[in-house]
Structure formats: structure tokens, C-alpha cells
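A.B. asks: A predicted structure for the sequence below; I have some questions about it.
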Amino acid sequence: MKAMKLTGIRRMEMMEVPTPQIKSGTDVLIRMSVVGVCGSDVHYYVDGKIGSQVVQYPFTVGHEGAGVVEAVGSHVTRVAPGDRIAVEPAMSCFKCDQCLSGRPHTCRKLRFLGCPGQAEGCLSEYIVMPETSCFPIPGSVSLDEAAISEPLAIGVYAVRQSIPMKGAKIGILGAGPIGLSVLLPSRAQGADKIYVTDRIAERLAVASGAGADWTGNPDAEDVVDSIKSAEPGWLDAVFECCGEQQAMDQAVELLKPGGKLMLIGIPPTLERVSFMIDSLRRKEICIQNVRRQNHCVQPALDMIGRKDFDVTSMVTHRFKFKDTQAAFNLVAGYGDGVLKAMIDIP
């Protein structure tokens, strides 16, 4: 089969590799149909690492995917050949202390698609996943929507971990796919006011269409002053979705006393971040990190299926499998107003 592999910094190559085989009774062989390009994939492409996770070349990235079941192991019951499925990229052991306490997303033996040292990614014609990572989708849900359920599930989990949304005033700093994945369930669950910032005009336009009450570009205005003028009591929660120090500083300024800061964005190069401890302490700000998604893939798919909102507005560009590197270059350079680039695998 063909797989698109990283071969160096900003280098990719289509390679012939062995088709993965079903080895366990709970394995599922999946013929991939579509893969979304994630910001973390781009970090591996541009920097060769995220923190301590360093790429050993050649390596296949990709973890936002959907496809069709090709074959199943003898013990598989939740999917069958021919089923269209969303792929949950996390593969947990379900036996360790973390899994048994309801935290499979921080499993001691976690393997994650497209994560160096854990598992090759899904930018390939076929992958094998445990059935626990396979979520069948109804005919009303497209394969694009199924793939986008991965980042959406992160947003759903982040909202669950934050505060009750009904009547809340929140900020979302960064209107990329993760920021929009926070915006959509926040609006669906009754947030009163949603303030969104980003440096890219096209992303702010999509955010406005998705339900943001106010959008602003921090390069064009003092977004903290603008939001504080609109909300003299400040914000209940702020979701930092871009991984930038400046945004974290803005978040602390925007939060009201007792407010909650949700850290979701992945800093591309920073190994440490800092906070003004005086503001943090005096306002008794709570900081919550968000690690991927936890039991939220099915809820995300259910929201998509119910048409609680439309996630397809995130898809702005499509590429053929052979043109994957062009997709990564576009996303890495934030070109042409790109939000989500999708790779179609024939």
C-alpha cells in the first residue's frame, strides 16, 4: 500500500509499505478515505517534534481520519466490513490506573496515531485499529464530518471541563479548528456571549458565521480593552487555543475573579510558559489543561448527527493524496485563509 511519510524537516515522500494485518481478535482493518491536516501534524512537519516527542524518519503523521471497514478480527462486534466509521486516534490499554479511573486519554500505555514512538499515522491507504477506536456513522453524517469529529471532540471535552455554558460569557483566543470546535458546542449549550480573537480575517469571518458575538484581530486593535469595554465584569472562562504566550497573558487579563483559563493550544516551540502571578493570585484564577478528548468522540458525532451545528464550514481546502505536501505547506504558512485542509485518499 501507499503511505505518505515525513522524511525530514519540511520533506515528505509517498512510499510503498506493507499493508497492515489483523493480528488480534479485536483488530479492525480500515481503508482510509479522508484525513484532516492538524496543527500538531504541521509541528512535526516544520519542527520535527512537539516537546519531547521527536520524529524518527521516515514517519507517517495524521490522526484526524475517517474510512470504511475492510475486515475485522474474530472478536469484533461494534463494526462490520463495509461500515463507514470515524477513527478515534487514541489506543488505550483500559487496564491501568488511569483507564480504570475514567481517564483513558492519559493511559499509562497510550498509543496515539501519528505520534512519534507510539504509532504510525493515518496518512496511508490502510490502517489497523482496535475496535474501541472505531465509531460507526449513520448515512446522514459525511466522511468529512466524521474526520472533523476528532478535533470537535477535543472542543466538546474542553467545554465539559470548564464551566456550565448556559448564560456564560467566554473568550476563545485562536479561531483555528480547535477554537471553532470550542465555539460550536459552547453556543449549542447556551453560552450568553462569545468573544473570539485571531490574526487571520478569514478565520474570524467563519467564527462570526458559527455564532461568535464579537471577533477581533489582536494585531489591529487592543482586544483586551475592546472585550473589557463590552463586558465590564469580564469573562467567566477563556479558552486559549493557539499556544501563544501573548494569548495566555491576554486570557489572565480578561478573566473575572474566580474565572477559569482553559489551556488547549500546543505551543510550537515554547518549553515553558509564564503568568503574571500577581494577577493570577489576586483573581484566584483556575488553570485547566486539556489533553485531547476523553469519552467525547461519540457525543461529538451525536451533535453532528443531530445537526446541532455545521462543522463543514471548517473545511476550506481539499487535496489529492499525492499532493499532501502542498496541503502541509499551505497550513504551515496559513496561506489562502486556510482553516482545515482535507486529504482525499483514493
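C.D. replies: Received it, and whenever you're ready, just let me know what you need.

A.B. asks: What degree of burial does the nearest residue to residue 245 once chain neighbours are set aside show, as a neighbour count?
C.D. replies: In space, and not counting its chain neighbours, residue 245 is closest to residue 273: 5.8 Å by Cβ to Cβ, 6 or more residues apart in numbering. C-beta: built from backbone N, CA, C; applies to glycine. Neighbour count for residue 273, taken as other Cβ atoms under 10 Å: 13.

A.B. asks: distance of residue 273 from residue 132?
C.D. replies: 33 Å (Cβ to Cβ, to the nearest Å).

A.B. asks: cool, residue 265 as well?
C.D. replies: According to Cβ to Cβ, residue 265 stands 28 Å off from residue 132.

A.B. asks: Residue 146 belongs to a strand?
C.D. replies: No - going by DSSP: H, G, I helix; E, B strand; the rest coil, the assignment for residue 146 is helix, not a strand.

A.B. asks: can you pull the contacts of it?
C.D. replies: By Cβ atoms under 8 Å, 6 or more residues apart in numbering, the contact set of residue 146 is 66, 84, 85, 86, 135, 137, 301.

A.B. asks: which residues in the stretch 1-150 of the chain form helices?
C.D. replies: 39-47, 97-100, 143-161 (DSSP state H, counting those that start in this stretch).

A.B. asks: got JSON lines for the ones you listed, with distance to residue 4 and mean pLDDT too?
C.D. replies: JSON lines is the format used below for the helices of the stretch 1-150 of the chain (distance: least, Cβ to Cβ, whole Å; pLDDT from 0 to 100):
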{"stretch": "helix 39-47", "distance to residue 4": "11", "mean pLDDT": "95"}
{"stretch": "helix 97-100", "distance to residue 4": "32", "mean pLDDT": "97"}
{"stretch": "helix 143-161", "distance to residue 4": "16", "mean pLDDT": "98"}
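
A.B. asks: for these, which one ends up most surrounded?
C.D. replies: Greatest average neighbour count among the helices of the stretch 1-150 of the chain goes to helix 143-161 (a mean of 25), per mean count of other Cβ atoms under 10 Å.

A.B. asks: could you show me where the helices are in the stretch 151-300 of the chain, in order?
C.D. replies: So, for the stretch 151-300 of the chain - with DSSP H, counting those that start in this stretch - the helices run 177-188, 201-209, 223-230, 245-254, 277-282, 297-306.

A.B. asks: what's the third one packed up against?
C.D. replies: Going back to what we said before, that points to helix 223-230. strand 193-197, strand 214-216, helix 245-254 (3 or more Cβ pairs under 8 Å, 6 or more residues apart in numbering; DSSP states H and E).

A.B. asks: Output the below-cut-off pLDDT ranges for this structure.
C.D. replies: Along the chain, the parts satisfying pLDDT under 70 run over 269-270.

A.B. asks: Just give me the residue closest to the centre of it.
C.D. replies: The structure's the chain has its C-alpha centroid closest to residue 151; by Cα atoms, centre = their mean the separation is 3.0 Å.

A.B. asks: And that one, how far from residue 39?
C.D. replies: On the measure of Cβ to Cβ, residue 151 and residue 39 end up 9 Å apart.

A.B. asks: Name the residues contacting each of the two.
C.D. replies: 177, 178.

A.B. asks: Point out the most buried one among the helices and strands packed on helix 223-230.
C.D. replies: Highest mean neighbour count among those (mean count of other Cβ under 10 Å): strand 193-197, a mean of 25.

A.B. asks: one step back: farthest pair in the contacts of residue 146?
C.D. replies: Maximum pairwise distance among those (Cβ to Cβ): 11.5 Å, between 84 and 301.

A.B. asks: Tell me what residue 340 is bridged to.
C.D. replies: Counting by DSSP bridges, residue 340 forms beta bridges with residue 315.

A.B. asks: Ok, residue 87 next?
C.D. replies: So, taking DSSP bridges as the rule, residue 87 has residue 65, residue 134 as bridge partners.

A.B. asks: from memory it sits against residue 132, does it?
C.D. replies: No - look at residue 87 against residue 132 with Cβ atoms under 8 Å: they stay out of range, at 11.1 Å.

A.B. asks: could you list every residue that touches the nearest residue to residue 223 once chain neighbours are set aside?
C.D. replies: Of all residues not flanking residue 223 in the chain, residue 216 sits nearest, at 4.4 Å (Cβ to Cβ, 6+ apart). Residue 216 sits next to 195, 196, 197, 204, 223, 226, 227 when contact means Cβ under 8 Å, 6+ apart.

A.B. asks: need the residues you listed in TSV with distance to residue 161, can you?
C.D. replies: Shown next, in TSV, are the contacts of residue 216 (distance: Cβ to Cβ, whole Å):
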residue	distance to residue 161
195	20
196	19
197	21
204	25
223	24
226	27
227	22
